[in-house]
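In: Sequence unavailable; structure follows:
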């Protein structure tokens, strides 16, 4: 099945499996072999498998501050609360102390996401039952309102690294699939373009790293401005960063790929359809500033996710001595065809394969 953008749901899984290599592990094999009617059901399946694995290892615990009235002092005394206790003839000491707890932001996000997927009509009954069984182990964990989650507070260390993929899935679900109605209830929304764009970019980058990392230098490098003469460093900071999505390099040859995920690939001005002017200006700027010695070796490619539009770009131009092109990647095809498309880009440009 496809989502409303014409993308096979299974292809979203494959894209995720490159973006997060943990999905290539054996415990997710059954997910890879299933078919899904919609993205919610896919994410529920991934979470059910991932949380089951996490429960076997044990839920992540971290120190959180607790407030409690105790007979014996523990941690720090909350003096004002202790005095208030005495006025109420409560002889206990108000204490503040840190304790290892499962009731932390990571597990709260998991519980919130699982709870919402259990209520979602698009999630298969079997997967709902799996999530319900797992939610029993989150009894001491608080539910968090999705709008109140501070995602920037998530920091990954060695003892919680296994949560990174799960947190990203939760982020996709809570921010990409759910909207709040005026009454404060949640409803399913389409998979937001900005979330899919970030996944699309990371998928392409990680695909080339995984399959071509031993041949090509693959990264998302920043391009420095090719400035002539001396400049005030304080003023240079006002120039915008040139952050590429994907940069492939083999010796002197460089291919900069700008991944674009839009509802409409082409812009229209009166009766003329053309590539978004901003996209062309951007990739041209990246390429020309990379080609500091005017060798013509660096090239640029706008790689659009194919839409349902009848006309899509497949072109290449020599602009000022550098090749600048535009192609589409059809996500509404069998994944083997997507692989062939990506392989052809690298093999044709670098003459490898």
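Out: On my side now, so go ahead. Remember, predicted model here, so these are calculated numbers, not experimental data.
In: For the rest of this, base every contact and every neighbour count on C-alpha atoms.
Out: Noted.
In: If you drop the residues flanking it in sequence, what lies closest to residue 39?
Out: residue 9 (6.0 Å; CA to CA, 6 or more residues apart in numbering).
In: Could you report the distance from the one you found to residue 142?
Out: Separation of residue 9 from residue 142 (CA to CA, to the nearest Å) stands at 31 Å.
In: okay, those two: which has more neighbours?
Out: With neighbours defined as other CA atoms under 10 Å, residue 9 and residue 142 compare such that residue 9 has more, 21 against 16.
In: And the pLDDT at the more buried one?
Out: Per-residue confidence at residue 9 stands at 80 (pLDDT).
In: burial count for residue 159?
Out: For residue 159, using other CA under 10 Å, the count is 10.
In: Need the pLDDT of residue 237.
Out: At residue 237, the model reports a pLDDT of 79.
In: does the nearest residue to residue 141 once chain neighbours are set aside sit in a helix, a strand or a coil?
Out: Nearest non-adjacent residue to residue 141, counting by CA to CA, 6+ apart: residue 103, 4.4 Å away. Following DSSP: H, G, I helix; E, B strand; the rest coil, we place residue 103 in the coil state.
In: Make residue 1 into 40 and carry on from there
Out: Understood, numbering begins at 40; the last thing we discussed is residue 142.
In: Contacts only, for residue 142.
Out: 100, 179, 180, 181 (CA atoms under 8 Å, 6 or more residues apart in numbering).
In: Out of the residues you listed, which end up buried?
Out: Buried subset of those (neighbour count, 16 or more other CA atoms under 10 Å): 100, 180, 181.
In: CSV please, covering the residues you listed and showing distance to residue 77, secondary structure and pLDDT.
Out: CSV is the format used below for the buried ones among the contacts of residue 142 (distance: CA to CA, whole Å; DSSP: H, G, I helix; E, B strand; the rest coil; pLDDT from 0 to 100):
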residue, distance to residue 77, secondary structure, pLDDT
100, 33, coil, 93
180, 29, coil, 95
181, 28, coil, 94
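In: nearest to residue 85, of the residues you listed?
Out: Taking CA to CA as the measure, residue 85 lies nearest residue 180 of these, at 20.7 Å.
In: Enumerate every residue touching the closest one.
Out: Residues in contact with residue 180 (CA under 8 Å, 6+ apart) are 141, 142, 143, 146, 147, 150.
In: how does it look with 10 Å?
Out: If you count contacts by CA atoms under 10 Å, 6 or more residues apart in numbering, residue 180 has them with 140-151, 174.
In: Look up how far residue 287 lies from residue 127.
Out: Residue 127 is 71 Å from residue 287, by CA to CA.
In: Looking only at neighbour counts, state which of these two leads.
Out: Between residue 127 and residue 287, residue 287 has the larger neighbour count (other CA under 10 Å), namely 26 against 9.
In: Just say helix, strand or coil for that one.
Out: Counting by three-state DSSP, the backbone at residue 287 sits in strand.
In: Would you mind confirming that it is in contact with residue 260?
Out: Yes: assessed by CA atoms under 10 Å, residue 287 is found in contact with residue 260 at 9.5 Å.
In: which neighbours do those two share?
Out: Overlap between the contact sets of residue 287 and residue 260, as judged by CA under 10 Å, 6+ apart, is given by residue 295.
In: Which residues belonging to the host helix or strand of residue 53 are considered buried?
Out: Element membership of residue 53 [criterion: DSSP states H and E] is helix 48-58. Neighbour-count burial for helix 48-58 flags 48, 49, 50, 51, 52, 53, 54, 55, 56, 57, 58 (criterion: 16+ other CA under 10 Å).
In: how near is the second one to residue 62?
Out: Summarising the geometry, the distance separating residue 49 from residue 62, computed by CA to CA, is 13 Å.
In: where do the contact lists of the two overlap?
Out: Listed as contacting both residue 49 and residue 62 by CA under 10 Å, 6+ apart are 55, 70, 71.
In: Helix or strand next in line after the lowest-mean-pLDDT helix or strand in the chain, which one?
Out: Lowest by mean pLDDT, DSSP states H and E among the helices and strands of the chain is strand 225-227, with a mean of 41. Using DSSP H and E, the helix or strand that follows strand 225-227 towards the C-terminus is helix 232-251.
In: Look at residue 237 and say how many residues are nearby.
Out: Neighbour number of residue 237 under other CA under 10 Å is 15.
In: can I get the contacts of residue 142 in CSV with distance to residue 281?
Out: As requested, those are exported to CSV (distance: CA to CA, whole Å):
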residue, distance to residue 281
100, 39
179, 46
180, 42
181, 42
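In: how about these, which pair is most distant?
Out: Largest separation among the contacts of residue 142 by CA to CA: 100 and 181, giving 13.6 Å.
In: what residues do those two have in common as contacts?
Out: Taking CA under 10 Å, 6+ apart as the contact rule, residue 100 and residue 181 both touch 141, 142, 143, 144, 146.
In: Let's have these in CSV, adding pLDDT.
Out: Formatted as CSV, the shared contacts of residue 100 and residue 181 follow (pLDDT from 0 to 100):
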residue, pLDDT
141, 93
142, 93
143, 93
144, 95
146, 97
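In: which one of the residues you listed is nearest residue 320?
Out: Using CA to CA, the shared contacts of residue 100 and residue 181 come closest to residue 320 at residue 144, 41.8 Å.
In: Residue 276 versus the residue most central in space within the chain, what's the distance?
Out: With distances taken as CA atoms, centre = their mean, the residue of the chain nearest its centroid is residue 238 (5.1 Å). Distance of residue 238 to residue 276, computed by CA to CA: 29 Å.
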